[in-house]
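Colleague: Everything below, folded, please.
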Amino acid sequence: MGVFHGLALVLGLAVAGILLVRHVNLQVDRGFRNLALAVENPEFRRKELARLTGLLAGFKPPPPETAPPDRPLSGMIRALPPVFCLLGGVALAGSLSAGSERAKWLRMGLAMFVPAAAAHLLTRRRRQGENAARRFRLRADLRRLDRDRRGAAEDLENSLRLAPWDDSSWAELAGDLALIGRPEEAAEAVRRARELDPGYEDYRLLEVSLLLRLGRLDRAEAALGDWPAADPRRIIFRAALELARGRREAAEESLRRLAADDPALDLLSGDPALAGLEELLPTPGGREDSP
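Modeller: Alright, predicted model coming up:
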């Protein structure tokens, strides 16, 4: 009988693990799939917006001055309460037919089930906040597809009150704020993104761009910092910085280091902070490789 219950516990653990992994994967896949469908299908986007709005109805994010919540627990730690609830339930069920070993299985079941159930209930509010943060972010993505940048920024601000550790949301918020005429707040948002992931160069690009648009030239130069000097993107933003300071010749000298077909030159047509650089290129489409 002991072997039977041992096998039952192992089987319960395996089933719980499989169900948990499947649930997490389905949630992630569903988010990506729905966003892809929303891009192609405006009617689906409208319905998905309505669904998310319904799920968020009545939910009030904490005020900005509230202390930010802790980072989310890892998936393994998060999985422990429901897994131990399941195992405890298996042990409790086994105690009903364990004969002389009933007391042992009963104690084992209670030892696993009661603390796990308590932990599950205590973290419920925290999980609700994390789910709401994810839904706010999804709705921001959908509103951005509808060119509702103000709505997207509002949703991201609500999401970040619940999940301030999300560096990509800070970067997306910076882009939205810049487009709706709030550049100071945009620069602060991208600074937060860089603090959370200082090694991600795209955040540095965005920060330097915003600071150049704000005319904060010293801060833009500091943000360039230890960026490798040979990086074509650094060369372009260094040229923009020189041009903003009225040093046209220095800007031209920087741009001479780029090849005519360098992909980084595509930045010139897509970033307002780089306006005026294209006319400094030696030829209309770029320049020949430097000797």
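Colleague: tally of neighbours for Glu279?
Modeller: Glu279 has 8 neighbours, counted by other CB atoms under 10 Å. (Glycine included, C-beta is placed from N, CA and C.)
Colleague: Also Pro62?
Modeller: The local packing count at Pro62 equals 13, with neighbours defined by other CB under 10 Å.
Colleague: what kind of secondary structure is it in?
Modeller: Here Pro62 is coil, with the state taken from DSSP: H, G, I helix; E, B strand; the rest coil.
Colleague: Can you mark which positions in the host helix or strand of Glu172 are buried?
Modeller: Secondary structure here is read from DSSP states H and E; on that basis Glu172 sits in helix 167-179. For helix 167-179, the buried set under the neighbour-count rule, 16 or more other CB atoms under 10 Å, comprises Asp167, Ser169, Trp170, Ala171, Glu172, Leu173, Ala174, Gly175, Asp176, Leu177, Ala178, Leu179.
Colleague: mind showing which ranges of the stretch 51-200 of the chain have poor pLDDT?
Modeller: Low-confidence segments of the stretch 51-200 of the chain, defined by pLDDT under 70, span residues 65-126.
Colleague: ranges for the helices of it?
Modeller: Counting by DSSP state H, counting those that start in this stretch, the stretch 51-200 of the chain has these helices, from start to end: 75-95, 102-122, 124-145, 149-162, 167-179, 183-196.
Colleague: which residues are contacting the helix holding Glu172?
Modeller: The set of residues that contact helix 167-179 without belonging to it, under CB atoms under 8 Å, 6 or more residues apart in numbering, is 137, 140, 144, 149-150, 152-153, 156-157, 159-160, 163, 183, 185-187, 189-190, 192-193, 196-197, 200, 202-203, 206, 210, 213.
Colleague: List the contacts of Ala187.
Modeller: Contact analysis of Ala187 by CB under 8 Å, 6+ apart lists Ala174, Glu207, Leu210, Leu211, Leu214, Arg216.
Colleague: Out of those, which sit inside strands?
Modeller: Secondary structure assignment (DSSP state E) places none of the contacts of Ala187 within strands.
Colleague: Of the contacts of helix 167-179, select the buried ones using a ChimeraX command.
Modeller: Remark: buried members of the contacts of helix 167-179, expressed as a ChimeraX selection using 16+ other CB under 10 Å:
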select :137,140,144,149,152,153,156,157,159,160,163,183,185,186,187,189,190,192,193,196,203,206,210,213
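Colleague: Run the angle between the helix holding Glu172 and helix 149-162 for me.
Modeller: What separates the directions of helix 167-179 and helix 149-162 is an angle of 150 degrees, with axes from the mean of the first three to the mean of the last three CA atoms, to 10 degrees.
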